[in-house]
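Student: Below are the sequence and a predicted model; questions follow.
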There are 2 protein chains.
Amino acid sequence: MRRRVDSLQLAVLGLLHDGPLHGYEVRRRLDVRLGIFRALSYGTLYPCLRTLQAEGWVREVGVEADAGAGPGRRRARVVYEITDGGRERLGELLHQAGPSAWDDDTFSVRFALFTRTDPRTRLRILEGRRARLQERVEQLSRSIDHTREQLDAYAYEYQCHEVETARREVDWIDGLISAEGRRQHHHQQERQSPPVP
Amino acid sequence: MRRRVDSLQLAVLGLLHDGPLHGYEVRRRLDVRLGIFRALSYGTLYPCLRTLQAEGWVREVGVEADAGAGPGRRRARVVYEITDGGRERLGELLHQAGPSAWDDDTFSVRFALFTRTDPRTRLRILEGRRARLQERVEQLSRSIDHTREQLDAYAYEYQCHEVETARREVDWIDGLISAEGRRQHHHQQERQSPPVP
DNA sequence: TCTGCCATGTAAGCCGTTACATGATTTT
DNA sequence: AAAATCATGTAACGGCTTACATGGCAGA
């Protein structure tokens, strides 16, 4: 039941947390700024916005007429704004660190919103993701070892590349985890013994 | 209209080309041997097999009773075999090198069947895939450059990792392309001037 | 003038997963 | 005795894309 829409809601809420936006712009940012939800269709986005509104997480802040001073007016844009309920909801979602957060799709969204995620949740997500990837590496490695003889050269080549890609991502995560550790350590030090002048 | 089912048909045909198999085993090999179609559901596989049969690409080779000598018999397995028409069809599909062949999903299937693909088609697919990845690298790089200032640390980190992953895949493809070149060169040499004793 | 981008939406339809039904055999 | 694996299937639900409808503005 891992719906892409759940991630989408999260991403939209995260985007609107920074300020009001209209649908078209939301899509653009999802695509180019977050780099996730490439080529998301409007058939998904607009209904999602309406759902969010029905839930009370966002509200229509009014229809913006053309901002420019041109003679004709541009098609009115429906601008959405996050509500207090939405902020609360965002907080809840951001706090979740269960298995769904380390799925390929969802992880990128969760990671993109790490600035707003508390350090502990960040660490739990990173560790879960790491485990997920490690599992994948092992499964692939076993598969390679087990069928090495029967595998033709190309299939072998592909599997090796897959493994290496996964390994690299594990390394990347490791780097991030230790960075988180350093950060936490730093904060603890600050809390326990403020820097001496 | 790029249906995953198309790739699935191709993969199944490719698998059955090596010998008759029953559905359950097809799924297993798709998952562990080819490493593609991870966790493919039977709700997709069995209908696919029946479609293949309706098209005349595969035929039911008979229901295999328990091979062992045990007292009870295992649930009968429906074994499928590729037909001459299926072999022809496989040849056609394998010859295609259009844009659909360099999609993320499809590429892995096409690549896994490279042994049965003629060298020219191999090269065209590899080059198409390369272009696809390169495009992705450039788009991401532009996005990073353009929004570097506004991007928070995590989003930046993620995009960089994405770019690096794509770059590595480009390098990998480059290696494969030059290997193909060498192979072709080698064959040409052989054809034009057989090795002198 | 025509293409392309901005901008919002609806409806249909497909693809594929999930859940269910069934049941034997092997392993724990 | 229970759980996992082998083995084949069906039905329904739902997510997401595609295609369509609409229309103003900018630049080639």
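Tutor: Everything's here; your move.
Student: following the worst-scoring helix or strand of chain A on mean pLDDT, which helix or strand comes up?
Tutor: Between all helices and strands in chain A, the lowest mean by mean pLDDT, DSSP states H and E belongs to strand A:58-64, at a mean of 83. Per DSSP states H and E, strand A:58-64 leads on to strand A:77-82 as the next helix or strand towards the C-terminus.
Student: That following strand close to DNA strand D?
Tutor: No. Strand A:77-82 is not in contact with DNA strand D by C-beta under 7 Å from any atom of the strand; minimum separation 9.9 Å. Where you see a C-beta, it was placed from the backbone N, CA and C, and this is true even at glycine.
Student: Can you give the strand pairings for that strand, parallel or anti for each?
Tutor: Strand A:77-82 pairs in its sheet with strand A:21-22 (antiparallel), strand A:58-64 (antiparallel), by DSSP bridges.
Student: among those, which is the most enclosed?
Tutor: Greatest average neighbour count among the strands paired with strand A:77-82 goes to strand A:21-22 (a mean of 20), per mean count of other C-beta atoms under 10 Å in any protein chain shown.
Student: got the contact list for that strand?
Tutor: Where contact means C-beta atoms under 8 Å, 6 or more residues apart in numbering or on different chains, the residues beyond strand A:21-22 that reach it are A:15, A:29, A:64, A:77-80.
Student: I'd like these as JSON lines, with distance to B:S178 appended.
Tutor: Shown next, in JSON lines, are the contacts of strand A:21-22 (distance: C-beta to C-beta, whole Å):
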{"residue": "A:L15", "distance to B:S178": "43"}
{"residue": "A:R29", "distance to B:S178": "39"}
{"residue": "A:E64", "distance to B:S178": "54"}
{"residue": "A:R77", "distance to B:S178": "51"}
{"residue": "A:V78", "distance to B:S178": "53"}
{"residue": "A:V79", "distance to B:S178": "53"}
{"residue": "A:Y80", "distance to B:S178": "51"}
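Student: Am I right that A:G35 is in a strand?
Tutor: No. Counting by DSSP: H, G, I helix; E, B strand; the rest coil, A:G35 is not part of a strand but coil.
Student: what about the residue nearest to it when sequence neighbours are not counted, helix or strand, and which?
Tutor: Distance criterion C-beta to C-beta, 6 or more residues apart in numbering or on different chains; nearest residue to A:G35, sequence neighbours excluded, is B:Q159 at 5.4 Å. Assessed by DSSP H and E, B:Q159 sits inside helix B:153-192.
Student: can you give me how far that helix is from the chain middle?
Tutor: 17 Å (C-alpha atoms, centre = their mean, to the nearest Å).
Student: same thing with stretch A:37-45?
Tutor: 15 Å.
Student: Ends of it, what's the gap?
Tutor: 10 Å (C-alpha to C-alpha, to the nearest Å).
Student: ok, now stretch A:38-46?
Tutor: Stretch A:38-46 has its terminal residues 16 Å apart, counting by C-alpha to C-alpha.
Student: Show me which positions of that stretch end up buried.
Tutor: A:40, A:45 (16 or more other C-beta atoms under 10 Å in any protein chain shown).
Student: again, but for stretch A:103-114
Tutor: A:103, A:105-114.
Student: Find me the pLDDT at A:G35, would you?
Tutor: On pLDDT, A:G35 comes in at 71.
Student: thinking again about what came up before, mind giving me the PyMOL command for buried ones among the contacts of strand A:21-22?
Tutor: Selection of buried members from the contacts of strand A:21-22 for PyMOL, criterion 16+ other C-beta under 10 Å:
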select buried, chain A and resi 15+29+77+79+80
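Student: Quick one: which of the contacts of strand A:21-22 has the lowest pLDDT value?
Tutor: A:E64 (62).
Student: where does chain A have low pLDDT?
Tutor: A:1-3, A:64-75, A:148-150, A:187-197 (pLDDT under 70).
Student: residues from chain A in reach of chain B?
Tutor: Contact residues, chain A versus chain B (C-beta under 8 Å from any C-beta of the partner chain): A:32-35, A:108, A:111-115, A:140, A:143, A:146-147, A:150-155, A:157-159, A:161-162, A:165, A:168-169, A:172, A:176.
Student: OK, contacts around A:R110?
Tutor: A:10, A:101, A:117, A:125.
Student: Is it correct that it falls within a helix?
Tutor: Yes. Assessed by three-state DSSP, A:R110 belongs to a helix.
Student: circling back: list buried residues within the residues of chain A next to chain B.
Tutor: By 16+ other C-beta under 10 Å, the residues of chain A next to chain B give A:33-35, A:108, A:111-114, A:140, A:143, A:147, A:151, A:154-155, A:157-159, A:161-162, A:165, A:169, A:172, A:176 as buried.
Student: in the sheet, who's paired with A:E60?
Tutor: A:Y80.
Student: Tell me which residues touch it, please.
Tutor: A:53, A:78-81.
Student: what does A:L126 give?
Tutor: Taking C-beta under 8 Å, 6+ apart as the test, what A:L126 contacts is A:173, A:176-177, A:180.
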